[in-house]
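*Asks:* Coordinates only, no sequence provided:
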């Protein structure tokens, strides 16, 4: 980089903007200059070559602090915070960058300054009594709402927060959360199991007895499932199920995620909550007229050995409780569409 820095300096100091191309070093080095600039500033590749020489020169001659963070994507850009650079130039979110390189994007010195700025009574929310928190009934934006509306608003905020945490890898009941901390996939699964064991069926039975404990656990499972948003399903599966719905003689006792039966739960996942002897499940598609269940196996989640084992255990429980089940693979639906539709209809109507 020292050599390239000196080349840029000579071109810029020994020529004028309209004569850059005439410099002896221009033709031999412009390709390397452009490639380096484009690697650092992926969002500015459209700029003309003469501007890229200036831009690269400014970056190479910039003074840096020992606490500055170096971008691990381009290995050149350095600042006390590289959040904006990583986002705009390389198209990575902060979380994606951390997962790829296991490094922070803000230097410790900047973090310390930011912390000092909002410490104690400097924090704009200091002793606010909840009026600046959307999780509090005292939130200023709830002042004109009824108690029922406030409760519903807080519930929606909690649901959005939960989904955001899950998608960003901040939920300690997800694999990505533990694997981002350096756990292997196997160790991550164990950590999740231990985390979820705080309200397991076994613990409920141990605490409340078999009958009451099982009932308490099932009630909690049902409450948890009812909070599912409509986004918790495969959109491809819903296309299949809606096709089948148009071909069935009746939809009265048919349930799947986007089949709206309850106008009060328009934002919820409308899969049927099926109570078995020792568990509660949400079949992808169920016809209670015949107790037939269709499970849609997406290519991503159902192509793994661990999920195959879980599916077998789940299917066994379903069959033991008097239901019949078939699985439809996403690949078959996409590539053998008509055959898949006919197979499902034969299963449901025979």
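*Replies:* Done, it's in. Just so it is clear, the structure is predicted and the values come from calculations on it, not from any experiment. Numbers count the residues shown, from 1 in each chain.
*Asks:* Kindly report the domain assignment for the protein.
*Replies:* Split into domains by automatic domain parsing, the chain comes to 2-60, 69-116, 129-168, 230-349.
*Asks:* Those domains: which one's closest to residue 213?
*Replies:* Closest approach to residue 213 among the domains of the chain (C-beta to C-beta): domain 230-349, 11.1 Å. (Each C-beta comes from the backbone N, C-alpha and C, glycine too.)
*Asks:* What mean pLDDT does that closest one get?
*Replies:* Throughout domain 230-349, pLDDT has a mean value of 82.
*Asks:* quick one on the thing from earlier: dump the domains of the chain to TSV, plus mean neighbour count and distance to residue 215.
*Replies:* Formatted as TSV, the domains of the chain follow (neighbours: other C-beta atoms under 10 Å; distance: least, C-beta to C-beta, whole Å):
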stretch	mean neighbour count	distance to residue 215
domain 2-60	15	57
domain 69-116	16	40
domain 129-168	13	24
domain 230-349	15	10
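*Asks:* got those as CSV, with distance to residue 209 columns?
*Replies:* Shown next, in CSV, are the domains of the chain (distance: least, C-beta to C-beta, whole Å):
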stretch, distance to residue 209
domain 2-60, 62
domain 69-116, 44
domain 129-168, 31
domain 230-349, 15
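*Asks:* can you tell which of these is closest to residue 210?
*Replies:* Nearest to residue 210, of all the domains of the chain, is domain 230-349, at 10.4 Å by C-beta to C-beta.
*Asks:* Check the offset of that closest one from the chain's centre.
*Replies:* 23 Å (C-alpha atoms, centre = their mean, to the nearest Å).
*Asks:* Among the domains of the chain, which comes closest to residue 216?
*Replies:* Of all the domains of the chain, domain 230-349 sits nearest to residue 216, with 12.3 Å by C-beta to C-beta.
*Asks:* ok, residue 270 to residue 317 distance?
*Replies:* Computed as C-beta to C-beta, to the nearest Å, the residue 270 to residue 317 distance reads 22 Å.
*Asks:* Please apply the same query to residue 279.
*Replies:* Using C-beta to C-beta, residue 279 is found at 6 Å from residue 317.
*Asks:* do the same with residue 243
*Replies:* Residue 243 is 28 Å from residue 317, by C-beta to C-beta.
*Asks:* What pLDDT does the model give the nearest residue to residue 68 once chain neighbours are set aside?
*Replies:* Distances taken as C-beta to C-beta, 6 or more residues apart in numbering place residue 78 nearest to residue 68, at 4.4 Å, with adjacent residues excluded. We have a pLDDT of 91 for residue 78.
*Asks:* for the one 10 residues further on, same thing?
*Replies:* Residue 88 is assigned a pLDDT of 86 by the prediction.
*Asks:* my guess is it contacts residue 44, does it?
*Replies:* No: counting by C-beta atoms under 8 Å, residue 88 does not reach residue 44; the two are 9.3 Å apart.
*Asks:* Would you confirm that residue 34 contacts residue 50?
*Replies:* No: assessed by C-beta under 8 Å, residue 34 is found out of contact with residue 50, at 10.7 Å.
*Asks:* ok, now which ones touch the residue nearest to residue 68?
*Replies:* Residues counted as contacts of residue 78 (C-beta atoms under 8 Å, 6 or more residues apart in numbering) are 62, 64, 68-71.
*Asks:* can you tell me how far residue 287 sits from residue 240?
*Replies:* 14 Å.
*Asks:* Sorry, slip of the keys, the one I care about is residue 249.
*Replies:* Distance from residue 249 to residue 240, by C-beta to C-beta: 18 Å.
*Asks:* list the contacts for the closest residue to residue 101 other than its chain neighbours?
*Replies:* Nearest residue to residue 101 in three dimensions, chain neighbours excluded: residue 72, at 4.3 Å (C-beta to C-beta, 6+ apart). Residue 72 sits next to 97, 100-101, 103 when contact means C-beta under 8 Å, 6+ apart.
*Asks:* Regarding residue 51, which helix or strand does it belong to?
*Replies:* Per DSSP states H and E: residue 51 is located in helix 49-60.
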